[in-house]
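Engineer: Pasting a predicted model and its sequence here:
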Amino acid sequence: MSAPWLTGLRMALRFGLPLLGILVVGRAIVLSIGGEISRAQFALGVLLMAAGFSARLVPKPRTPKAAAGKRSS
């Protein structure tokens, strides 16, 4: 039986962090139009988007394998 929290963690890392990064970069773009350019916000947004690749570090849930010697009749 796989742990359901691993699946949730993978989804949060895979989709949540890049989405948050897009929001941060979008906010930085809107603020830069007004004249306030913050390189730190741009960098934070890019780091959050890149952190989406950290979902690959979380192990995939195991699936039960069928018994090799049993045949269904």
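Structural biologist: Cool, the structure landed. Numbering: from 1, shown residues only.
Engineer: Could you check how far Val46 is from Arg62?
Structural biologist: 34 Å (CB to CB, to the nearest Å). Quick note: C-beta positions are derived from backbone N, CA and C, even for glycine.
Engineer: So for these two, which residue has more residues nearby?
Structural biologist: Per other CB atoms under 10 Å, whichever of Val46 and Arg62 has more neighbours is Val46, with 14 against 10.
Engineer: contacting residues for the more buried one?
Structural biologist: Going by CB atoms under 8 Å, 6 or more residues apart in numbering, Val46 touches Gly21, Val25.
Engineer: Which secondary structure state is assigned to it?
Structural biologist: helix (DSSP: H, G, I helix; E, B strand; the rest coil).
Engineer: tell me the mean pLDDT over the longest helix anywhere in the chain?
Structural biologist: If you go by DSSP state H, the chain has its longest helix at helix 17-33. The pLDDT scores in helix 17-33 average 91.
Engineer: In which helix or strand does Pro59 reside?
Structural biologist: Assessed by DSSP states H and E, Pro59 sits outside every helix and strand.
Engineer: Just confirm it contacts Trp5, I think it does.
Structural biologist: No: using CB atoms under 8 Å, Pro59 makes no contact with Trp5, being 11.9 Å away.
Engineer: Give me the below-cutoff pLDDT ranges for this structure.
Structural biologist: Residue ranges of the chain with pLDDT under 70: 1-2, 58, 61, 63-73.
Engineer: Can you name the residues that contact Leu31?
Structural biologist: Ile37, Ser38, Gln41.
Engineer: now Gly35
Structural biologist: No contacts exist for Gly35 under CB under 8 Å, 6+ apart.
Engineer: quick one: it from Leu23, how far?
Structural biologist: Note on Gly35: its distance to Leu23, by CB to CB, is 21 Å.
Engineer: ditto for Arg62
Structural biologist: Using CB to CB, Arg62 is found at 34 Å from Leu23.
Engineer: What of Gln41?
Structural biologist: Separation of Gln41 from Leu23 (CB to CB) stands at 11 Å.
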